[in-house]
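[1] need the 3D shape of this:
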Amino acid sequence: MLRLVIQIVVACVFLYLFFRWCERANLWAPSKTFYGTPRVVDLDYEDVYFETEDGIRLNGWHVPCENPAAAMLFCHGNGGNISYRTESLRQYHSLNLNVFIFDYRGYGKSRGRLTEEGTYRDAAAAYRWLVEKNPDLPVIIFGRSLGANIAVDLAARVEAAGLIYESGFNSTLAIGREIFPYLPVRWIVKYHYDALGKIQNVRMPILVIHSRDDEIVPFHHGKKLFDAAPPPKRFFEIHGGHNDGFIASEEIYLKELQLFIDEFVLQTDSIVKTKAKGE
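    Prediction:
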């Protein structure tokens, strides 16, 4: 009997550790290998190193344009590193944005060990660097996939001219329940990335982007987050897969981003500046 109990305990511990490993492996897939720089899409850039509040040294690229209308903080998804996003940098540069894309701790040339709280601190440090670099420009917080959830956490804690939430998920718990409906996911999940629970605390214009064809994060995640978000807000449906919808829908994608910037970001920034001057 004692032997059976020991075997059950060992099996439970093994399963728990296995699920812990699976959670980390599915949340974060960093790479140290770089596939070029913004120059592969004919963009000049500044290679930047900066530190978080807990002393972690991070790396990023600041990609300026000649006549910037705004600055964008780019929180990328869970795979690779900043060098995997050069096509996105090309797109946002065409919208007259100064873009700062950075690697979370453990990604690319950034140091440190990955944790959920650590990624939030990384985004906050990158935001501070961008604001100091572009003090006279409105700032857009942009996040894609996992980066969208990180962007929501940041947008709930800082002031900015707009939040763009692309292809994000409601929470890891929500995703886990959909993938493993018969498991006690609540007791297994350690990292939450609860965008749905935080979006109501965001006080800036919000653009939610999601593809109905998304094969990784179901479309209803984007719709549910949009419904929970406070106004002003817009929802934009694209087509294409989770990792290429912004390319598959490039023409209308860029038009929608430009519309959001013109109608919400720039007008909101003007109102904020007017209030600050007491006019």
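
[2] in this protein, which residue is closest to the centre?
    Gly147 (1.8 Å; C-alpha atoms, centre = their mean).

[3] chain neighbours aside, what residue packs nearest to that one?
    Excluding the flanking residues, the one nearest Gly147 by C-beta to C-beta, 6 or more residues apart in numbering is Cys75, at 3.5 Å. C-beta: built from backbone N, CA, C; applies to glycine.

[4] got it, and Ile56?
    Using C-beta to C-beta, 6+ apart, the nearest residue to Ile56 is Gly112, at 3.9 Å.

[5] contact partners for the one you found?
    Residues in contact with Gly112, defined by C-beta atoms under 8 Å, 6 or more residues apart in numbering, are Thr52, Ile56, Arg57, Leu58, Arg105, Gly106, Gly118.

[6] test my guess that the second one contacts Glu117.
    No: in this structure, Ile56 is not within contact of Glu117 by C-beta atoms under 8 Å, at 11.6 Å.

[7] which one's more surrounded, these two?
    Neighbours were counted for Ile56 and for Glu117 using other C-beta atoms under 10 Å; Ile56 has more, 19 against 10.

[8] any stretches of the stretch 101-250 of the chain with poor pLDDT?
    Filtered on pLDDT under 70, the stretch 101-250 of the chain yields the residue ranges 178-187.

[9] what about the helices in it?
    All helices of the stretch 101-250 of the chain, identified by DSSP state H, counting those that start in this stretch, fall at 116-133, 146-155, 172-179, 185-188, 195-198, 219-228, 245-248, 250-260.

[10] and the first one, what does it pack onto?
    Going back to what we said before, that points to helix 116-133. Using 3 or more C-beta pairs under 8 Å, 6 or more residues apart in numbering; DSSP states H and E, the elements in contact with helix 116-133 are strand 46-51, strand 57-63, strand 70-75, strand 97-102, strand 139-144, helix 146-155.

[11] okay, these in a markdown table with distance to Lys133 next?
    Formatted as a markdown table, the helices and strands packed on helix 116-133 follow (distance: least, C-beta to C-beta, whole Å):
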| stretch | distance to Lys133 |
| --- | --- |
| strand 46-51 | 8 |
| strand 57-63 | 6 |
| strand 70-75 | 8 |
| strand 97-102 | 7 |
| strand 139-144 | 10 |
| helix 146-155 | 16 |
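
[12] if we can go back for a sec, so what's the residue nearest to the centre of the chain up against?
    By C-beta under 8 Å, 6+ apart, Gly147 lies in contact with Phe74, Cys75, His76, Gly77, Asn78, Gly168.

[13] give me the number of residues near Asn67?
    5.

[14] doesn't Asn98 make contact with it?
    No: using C-beta under 8 Å, Asn67 is not in contact with Asn98; the gap is 10.2 Å.

[15] quick one, what contacts Lys223?
    Lys223 sits next to His210, Phe235 when contact means C-beta under 8 Å, 6+ apart.

[16] swap in 10 Å and give it another go.
    Val208, His210, Arg212, Phe235, Glu237 (C-beta atoms under 10 Å, 6 or more residues apart in numbering).

[17] do Arg85 as well
    Counting by C-beta under 10 Å, 6+ apart, Arg85 makes contact with Pro38, Trp61, Phe74, His76, Gly77, Gln91, Tyr92, Val99, Ile101, Arg144, Gly147.

[18] any chance of those residues in a markdown table, with distance to Leu266 too?
    Listed next are the contacts of Arg85 as a markdown table, based on distance: C-beta to C-beta, whole Å:
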| residue | distance to Leu266 |
| --- | --- |
| Pro38 | 25 |
| Trp61 | 24 |
| Phe74 | 19 |
| His76 | 25 |
| Gly77 | 27 |
| Gln91 | 18 |
| Tyr92 | 15 |
| Val99 | 17 |
| Ile101 | 22 |
| Arg144 | 22 |
| Gly147 | 23 |
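
[19] ok, and the most crowded of those?
    Top of the contacts of Arg85 by neighbour count (other C-beta under 10 Å): Val99, with 30 neighbours.

[20] so what sits opposite it in the bridge?
    Taking DSSP bridges as the rule, Val99 bridges to Val63, Met72.

[21] and it, how far from Val41?
    Per C-beta to C-beta, to the nearest Å, Val99 is found 12 Å from Val41.
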